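**Q** With the input below, show me the fold.
(one chain, ligands or ions: 2)
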Amino acid sequence: MSIHINAKQGDIADTILLPGDPLRAKYIAETFLEDVVCYNEVRNMFGYTGTYKGKRISVQGTGMGVPSISIYIHELMRDYGVKNLIRVGTAGALKEEVKVRDVVIAQSATTDSYQNAKLFGNVSYAPTSNFELLLSSYNEAQKRGLDVKVGNVYTADSFYDTKTDTKQLADYGVLAVEMESSALFTIAEEYNARALAILTISDHLITGEVTTAEERQTTFNDMIEVALDAAVPFIGK
Ligand SMILES: O=P(O)(O)O[C@H]1O[C@H](CO)[C@@H](O)[C@H]1O
Ligand SMILES: O=c1cc[nH]c(=O)[nH]1
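**A** Ligands and ions are numbered 1, 2, ... in the order given. Sure, this is the predicted structure:
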């Protein structure tokens with residue numbers, strides 16, 4: 001047991017999908033996994049372990065923002081030995097050519113998070129996803145004919161942010177905004193684990209187009225299938 005996860009040793013697989021929304025974790029477990037067991041209900045931050053194509057895999061809600069995901073991934077890696085972590089999240093598009101419902105694979109994450117500023121001081125650390133997982137997910141996306149975008153995303157500390165110049169970020173190649181990936185990539189390095197974020201565009205900051213809460217909770221299956229198939233070769237490694 002850890003402070004925020006009441007699973008026993010061995011309940012959680014070494015490879016895990018991480019949606020922000022715990023109800024998306026439930027949806028993924030019920031829709032894509034077999035022989036599912038719910039190992040965590042603390043704070044309703046649901047976690048499940050099951051099998052996918054015969055291999056053991058888990059899915060855990062992380063909540064929203066850097067502080068929340070940081071708690072869960074610390075405990076997953078430190079207390080349960082999780083080695084491969086793939087965030088499956090939603091994001092807002094910052095560039096015109098990134099469309100609503102597109103899948104974005106985060107290669108790196110620019111951030112205004114104070115957590116990394118505190119850790120690195122004056123050094124502007126570049127949180128970067130694991131190349132093997134990135135390549136695996138890109139290949140899975142290509143197999144499905146998906147026009148995925150791969151690049152830098154912005155991990156924001158504030159959802160309702162009126163200060164950040166998101167046009168400048170877009171001009172410098174940042175594809176989309178979300179709230180967790182920089183912490184995931186940074187803390188995974190601390191534990192020598194592999195981490196990646198695959199994001200579906202749920203809304204567009206330029207056009208104003210949005211998806212519904214239900215769609216964010218229970219669809220976006222392309223992203224989930226890509227994440228699961230990308231993860232399979234790393235299970236047990
Ligand atoms: O859909 P999830 O995975 O929660 O991701 C995005 O949605 C939340 C904001 O609505 C933030 O957590 C952001 O990163
Ligand atoms: O963090 C997020 C997620 C989706 N859309 C946004 O604008 N921000």
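**Q** Just the strands from the chain, written as ranges.
**A** 15-18, 34-40, 47-52, 55-60, 84-93, 103-111, 149-155, 174-178, 194-204 (DSSP state E).
**Q** Nearest to ligand 2, out of those?
**A** strand 84-93 (2.6 Å; CB to the nearest ligand atom). (C-beta placed from N, C-alpha, C; glycine too.)
**Q** Just send the strands of the chain back as CSV, with distance to residue 136 too.
**A** Listed next are those as CSV, based on distance: least, CB to CB, whole Å:
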stretch, distance to residue 136
strand 15-18, 12
strand 34-40, 22
strand 47-52, 14
strand 55-60, 14
strand 84-93, 10
strand 103-111, 10
strand 149-155, 12
strand 174-178, 20
strand 194-204, 8
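**Q** Including mean pLDDT and distance to ligand 1, could the ones you listed go into JSON lines?
**A** Listed next are the strands of the chain as JSON lines, based on pLDDT from 0 to 100; distance: least, CB to the nearest ligand atom, whole Å:
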{"stretch": "strand 15-18", "mean pLDDT": "98", "distance to ligand 1": "8"}
{"stretch": "strand 34-40", "mean pLDDT": "98", "distance to ligand 1": "17"}
{"stretch": "strand 47-52", "mean pLDDT": "98", "distance to ligand 1": "15"}
{"stretch": "strand 55-60", "mean pLDDT": "98", "distance to ligand 1": "12"}
{"stretch": "strand 84-93", "mean pLDDT": "97", "distance to ligand 1": "3"}
{"stretch": "strand 103-111", "mean pLDDT": "98", "distance to ligand 1": "11"}
{"stretch": "strand 149-155", "mean pLDDT": "98", "distance to ligand 1": "8"}
{"stretch": "strand 174-178", "mean pLDDT": "98", "distance to ligand 1": "4"}
{"stretch": "strand 194-204", "mean pLDDT": "97", "distance to ligand 1": "7"}
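**Q** Same list (these) but as JSON lines, adding mean neighbour count.
**A** Listed next are the strands of the chain as JSON lines, based on neighbours: other CB atoms under 10 Å:
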{"stretch": "strand 15-18", "mean neighbour count": "26"}
{"stretch": "strand 34-40", "mean neighbour count": "16"}
{"stretch": "strand 47-52", "mean neighbour count": "22"}
{"stretch": "strand 55-60", "mean neighbour count": "24"}
{"stretch": "strand 84-93", "mean neighbour count": "27"}
{"stretch": "strand 103-111", "mean neighbour count": "24"}
{"stretch": "strand 149-155", "mean neighbour count": "23"}
{"stretch": "strand 174-178", "mean neighbour count": "25"}
{"stretch": "strand 194-204", "mean neighbour count": "25"}
